[in-house]
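J.: The following block contains a protein sequence and its predicted model.
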Amino acid sequence: MALAIAKRWNGEIVNYDAMQVYRGFDIGTGKIRPDEQDGIPHHLLDCVEPDQIFTAGEFARAASATLVSVRGRGRLPILVGGTGLYLRALLEGLFEGPKRSEVLRARLGDIADRRGREFLHRLLRRLDAPAAARIKPRDTQKIIRAVEVCLLAGQPLTSLQARGRNALQGFQAVKIGLDPARRELNRRIDARVERMFAAGLVDEARRLFDERKNGGRDSSSGFGPFTSLGYPQAIAAARGEISDEEAILQTQAATRRYAKRQRTWFRHELGVTWFAGFGDDAALQEQIFEWLEKALPPLGASRRCPNSSTIAREPLQHEVQR
């Protein structure tokens, strides 16, 4: 769908999938290959090393600069992905909190391992009761970040958040959501996972794992992209801990659960117009084209775009997000 929109409106695609930013993680993330990009420029793919931490704030800064650059060329930025936190960080901004402290986070993680995440949640309750009420006791990652902010800033996380955020300026977000039937979505997920393993996901995971180990870094699969869907299962298969068939079944189940969480997240995203179906449906593409003709504000003179038989409005002040 994004490629179709880009061709129609002279656009460029900006990725907001948190795993596709990592170099080398190609098969398991479903990263679009250069030969599949159909001549459309793609941004924020393969821009982060596997052992590099890339926060939502860092993404927001990089994406904001990319949007300005795309617009400066007179083209339409089209955000595509499924990492809701990245999108929210870009459009709504993040609170100005202290930078991560890997030393403190490691200590807090060790406390969670030794004394349980419930203990860490009780600590958060003493430091910032409103934040503890909002964060579930089993969400260790968010608990650690909240406690980390409280300790580093010397004040509650909620106090910092109350000061406001720096939202994206100069763009109007036109949001499109695809909502296919659940049964067909699950069927496609299962088929996609089978194609990934057939395309060499186990070999890709083994290579990335070995590169990390040979580089003298912690070679566990518990970091960043190594926790992405399919990679823990593929690494387990590469080690002989489970069969390829079991790895496929586990990845299919995990992906279906993740798709369900994505549905829930984006249902709470404001301003999304939903369309029933998949992006490769030509009839649905035409339906979305018709809707976009009305949704995109007329900005400047109309012009005929390359690879398109339609007239597109000058894309100077808006962006499309799917």
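T.: Now that the structure is in, tell me what you want to look at.
J.: Helix or strand: which one has Ile78?
T.: strand 76-80 (DSSP states H and E).
J.: neighbours around the closest residue to Lys142 other than its chain neighbours, how many?
T.: Closest residue to Lys142 apart from its sequence neighbours, by Cβ to Cβ, 6 or more residues apart in numbering: Ile135 at 4.8 Å. Every residue, glycine included, has its C-beta placed from N, CA and C. Around Ile135 there are 20 other residues, counting by other Cβ atoms under 10 Å.
J.: same check, this time on Met1
T.: Neighbours of Met1 (other Cβ under 10 Å): 20.
J.: do Cys47 as well
T.: Neighbours around Cys47, by other Cβ under 10 Å: 16.
J.: what's the spacing between it and Ser69?
T.: Separation of Cys47 from Ser69 (Cβ to Cβ, to the nearest Å): 14 Å.
J.: on that earlier part again, is it true that the residue nearest to Lys142 touches Ile144?
T.: No. Counting by Cβ atoms under 8 Å, Ile135 does not reach Ile144; the two are 10.2 Å apart.
J.: Give me the phi and psi for Asp275.
T.: Residue 275: Phe, not Asp. With angles defined as degrees, to the nearest 10, Phe275 sits at phi -130, psi 130.
J.: Assumed Ala173 was part of a helix.
T.: No. Counting by DSSP: H, G, I helix; E, B strand; the rest coil, Ala173 is not part of a helix but strand.
J.: one step back: for the residue nearest to Lys142, give me its contacts.
T.: 121, 124, 142-143, 146 (Cβ atoms under 8 Å, 6 or more residues apart in numbering).
J.: Out of the residues you listed, the closest to Phe275 would be?
T.: Lys142 (31.7 Å; Cβ to Cβ).
J.: how would you label Pro273: helix, strand or coil?
T.: Quick fix: residue 273 is Thr, not Pro. Counting by three-state DSSP, the backbone at Thr273 sits in strand.
J.: Ignoring the adjacent residues along the chain, who's closest to it?
T.: Counting by Cβ to Cβ, 6+ apart, the residue nearest Thr273 is Ile176, at 6.0 Å.
J.: Output the contacting helices and strands for the strand or helix carrying Arg122.
T.: Using DSSP H and E, Arg122 maps to helix 117-127. Contact analysis of helix 117-127 by 3 or more Cβ pairs under 8 Å, 6 or more residues apart in numbering; DSSP states H and E lists helix 102-115, helix 129-134, helix 140-153 as its packing neighbours.
J.: So Glu12 sits against His42, correct?
T.: Yes. In this structure Glu12 lies within contact range of His42 using Cβ under 8 Å: 7.5 Å.
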